[in-house]
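Undergrad: Pasting the sequence and the predicted model now:
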Amino acid sequence: MPVSGSAIVKLLPGRKPCRDCGFPTCFAFSMKLALGGTTVDKCPHLSEEAKTQLEEVLAPAIRPVTVGAGGNALSVGDEEVIYRHEKTFVHPPGIGLLISDDESEESVEQKLKKIEETEFPWVGLTLNPDLLALQNRSGDKDRYLKLVNRAHDTTEVATILISEDTEALFAARDVYADRQPLLCPITEDNLDDAIPRIKDGPTPVVVRADGIENLVSLTARLKDAGIEDLVLDPGSMKLLDAIGDQTFIRRASLKQGFRPLGYPTIAFPCFMAEDRVSQTLIAASFVAKWAAFIVLSDFDSHTLLPLLVHRLNIYTDPRFPLAVEEKYYEVGQPDEQSPVLVTSNWALTYFLVSSAVEATRVPAYVCVKDAEGLGVLTAWAAGKFSGDSIGEFIKKCGIEDRVKTRTLVIPGKLARIKGELEDALDRRWEIVVGPRETTGLAGFLPAFAKKLRQ
Ligand code: SF4
């Protein structure tokens with residue numbers, strides 16, 4: 001729940017402006033604090049009590065939590081809105097693969113390989129699962145630690161360690177001490193035993209309780225003990241109940257600013273359904289409905305790719321279209337006689353054009369002009385893809401040093417800018433109107449490339 005500058009100023013000393021914080025008044029300082037533009041410690045006149053109060057008031061409604069280390073670290077939480085259309089969702093949920101210590105050698109081997117190697121290229125991005133969950137299902141501590149050590153030595157992906165046996169859980173934490181694992185579960189039964197151990201080697205923990213009310217008392221006790229990197233598991237195993245719990249937690253933290261529930265959540269489709277398709281559908285619900293970690297018992301490319309694309313769509317900022325960098329791109333290995341095409345930088349447009357060019361097997365240059373992520377026709381209508389601006393871009397992007405030819409193919413739907421573009425390029429370039437649709441490049445480009453070399 002965002003806090004206002006006027007609420008913050010009440011906690012400030014309110015003395016005659018001393019400007020020691022760098023701002024002309026306490027109110028100016030409080031406004032900046034509310035926007036996250038400065039920090040509490042910049043005012044040297046705060047009592048310890050006021051400082052603590054302010055830090056409490058200014059803390060994110062959903063605490064950010066990071067699991068894993070280095071390039072594999074996964075940060076979640078710190079969300080600001082209930083619905084994506086209100087602003088944007090910020091940290092995509094981790095999607096993980098469960099391996100239990102009672103699985104066969106072959107299955108463990110396959111799953112470890114899968115989590116390491118599974119990735120999909122997607123409109124200039126790489127989509128992949130980003131979590132491993134290691135479960136002690138056998139009840140045998142040694143067997144669990146064997147799995148944990150094996151996973152630790154095989155992959156550096158962010159990891160959840162799951163064991164009902166507290167001894168096994170913290171022994172596994174020691175193996176993963178260098179990787180900030182997520183420990184699961186901390187419950188009413190093991191809380192007192194777990195608190196000193198967590199404090200010995202701080203790492204995030206999953207707090208599990210039967211129902212939200214019981215969760216609240218556990219998070220409050222952990223917070224009192226100084227343990228705040230928490231992830232909530234309300235324990236519901238039916239989809240409707242689980243979504244109800246996620247909704248309650250999200251609303252309580254963001255709308256009511258209720259701190260005991262202001263933490264990211266975890267969901268386990270792997271324990272809610274048997275088959276992959278059902279688990280994928282449940283996981284898709286949790287992507288939309290706020291889980292920060294989602295664990296599957298297994299996946300294949302047919303079930304995982306739609307889920308990853310769904311996650312990408314939900315967590316793409318709706319205020320900004322997906323765009324690619326403004327520059328010229330090489331498709332194949334073009335030379336100084338190869339065709340040059342121009343298009344806008346909406347990611348989908350670029351990938352349709354470059355894929356269509358690639359399919360013709362004609363090496364070419366695709367010049368991508370920044371049009372604020374709009375498709376060509378929309379960008380033209382908005383004045384962001386005019387002949388003048390394309391001309392300027394062609395002159396400065398470096399393509400003139402790469403090709404001897406001076407022939408530029410423009411999208412067929414923008415035939416009307418031909419004359420303006422020729423003028424903008426000082427009539428040194430011939431402008432050719434290409435096909436109206438990218439599908440037309442298959443028939444157009446090979447013959448055009450041949451003509452260029454004659
Ligand atoms: S340093 Fe503190 S007391 Fe002085 S103006 Fe800034 S906020 Fe007010």
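TA: Sure, I can see it.

Undergrad: Tell me who's in contact with Gln352.
TA: Not quite, residue 352 is Leu, not Gln. Counting by CB atoms under 8 Å, 6 or more residues apart in numbering, Leu352 touches Thr438. Bear in mind the C-beta positions are built from the backbone N, C-alpha and C, glycine included.

Undergrad: What strand or helix carries it?
TA: Using DSSP states H and E, Leu352 maps to helix 347-360.

Undergrad: Could I get the buried residue list for that helix?
TA: 347, 349-354, 356-357, 360 (16 or more other CB atoms under 10 Å).

Undergrad: and the gap between the residue lying closest to Arg276 once chain neighbours are set aside and Ala273?
TA: Leaving aside its sequence neighbours, Arg276 sits nearest to Thr303 (CB to CB, 6 or more residues apart in numbering; 4.8 Å). From Thr303 over to Ala273 the distance is 12 Å, taken as CB to CB, to the nearest Å.

Undergrad: and the spatially most central residue of the chain, what does it touch?
TA: Nearest to the geometric centre of the chain sits Pro92, at 3.9 Å (CA atoms, centre = their mean). Residues counted as contacts of Pro92 (CB under 8 Å, 6+ apart) are 311-312, 314-315.

Undergrad: Get me the contact residues on the stretch 1-150 of the chain for the ligand.
TA: Within the stretch 1-150 of the chain, the positions adjacent to the ligand are 12-13, 15, 17-21, 23, 26, 29, 43, 45 by CB under 6 Å from any ligand atom.

Undergrad: swap the cut-off to 8 Å and go again
TA: The stretch 1-150 of the chain has residues 12-15, 17-26, 28-30, 42-46 near the ligand, with proximity defined as CB under 8 Å from any ligand atom.

Undergrad: List the ones among those residues that fall in helices.
TA: 26, 28-30 (DSSP state H).

Undergrad: any chance of the residues you listed in CSV, with pLDDT and neighbour count too?
TA: Output for these, formatted as CSV (pLDDT from 0 to 100; neighbours: other CB atoms under 10 Å):
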residue, pLDDT, neighbour count
Cys26, 86, 24
Ala28, 87, 17
Phe29, 88, 25
Ser30, 86, 25
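
Undergrad: Quick check, the residue in the stretch 251-400 of the chain closest to the ligand?
TA: Closest to the ligand within the stretch 251-400 of the chain is Gly257: 23.2 Å, counting by CB to the nearest ligand atom.

Undergrad: Measure how buried that residue is and give me the count.
TA: Using other CB atoms under 10 Å, Gly257 has 15 neighbouring residues.

Undergrad: and it, that's in a strand?
TA: No: Gly257: not assigned to a strand; according to DSSP: H, G, I helix; E, B strand; the rest coil it is coil.

Undergrad: I figured it was touching Ala61, is that so?
TA: Yes: here Gly257 lies in contact with Ala61, judged by CB atoms under 8 Å, at a distance of 6.0 Å.

Undergrad: Now do the strands in the stretch 151-300 of the chain.
TA: According to DSSP state E, counting those that start in this stretch, the stretch 151-300 of the chain carries its strands in the segments 158-162, 182-186, 205-208, 230-233, 266-267, 293-296.

Undergrad: Only alpha carbons, please: show the third one as PDB.
TA: Listed in PDB are the C-alpha atoms of strand 205-208, where the atom choice follows Å, rounded to 0.1, in the frame of the first residue of the first chain:
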ATOM      1  CA  VAL A 205      12.200 -20.200   4.400                       C
ATOM      2  CA  VAL A 206       8.700 -21.300   3.400                       C
ATOM      3  CA  VAL A 207       6.300 -20.900   6.300                       C
ATOM      4  CA  ARG A 208       3.500 -23.500   6.000                       C
END
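
Undergrad: what about the residue of the stretch 101-250 of the chain found nearest the ligand, neighbour count?
TA: Here the stretch 101-250 of the chain gets closest to the ligand at one residue, Glu228, 26.5 Å apart by CB to the nearest ligand atom. Using other CB under 10 Å, Glu228 is surrounded by 16 other residues.

Undergrad: so where's this protein shaky on pLDDT?
TA: Across the chain, the ranges flagged by pLDDT under 70 are 1-4, 15.

Undergrad: Name the single longest helix found in it.
TA: helix 239-254.

Undergrad: which parts of that one are buried?
TA: 239, 242-243, 245-246, 249-250, 252-254.

Undergrad: packing partners for it?
TA: Contact partners of helix 239-254 among helices and strands, from 3 or more CB pairs under 8 Å, 6 or more residues apart in numbering; DSSP states H and E: helix 212-224, helix 276-288.

Undergrad: and for the first one, what are the contacting residues?
TA: Where contact means CB under 8 Å, 6+ apart, the residues beyond helix 212-224 that reach it are 186-188, 191, 195, 205, 207-209, 228, 230, 232, 234, 245, 248-249, 259-261, 263.

Undergrad: Send me it as CSV with only the CA atoms.
TA: Only the C-alpha atoms of helix 212-224 are listed here, as CSV (Å, rounded to 0.1, in the frame of the first residue of the first chain):
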residue,chain,number,x,y,z
ILE,A,212,-4.1,-18.3,6.7
GLU,A,213,-4.9,-17.4,10.3
ASN,A,214,-2.2,-19.9,11.5
LEU,A,215,0.2,-18.5,9.0
VAL,A,216,-0.1,-15.0,10.5
SER,A,217,0.9,-16.2,14.0
LEU,A,218,4.0,-18.0,12.5
THR,A,219,5.2,-15.1,10.4
ALA,A,220,4.8,-12.8,13.4
ARG,A,221,6.9,-15.1,15.6
LEU,A,222,9.6,-15.4,12.9
LYS,A,223,9.7,-11.6,12.4
ASP,A,224,10.0,-11.1,16.2
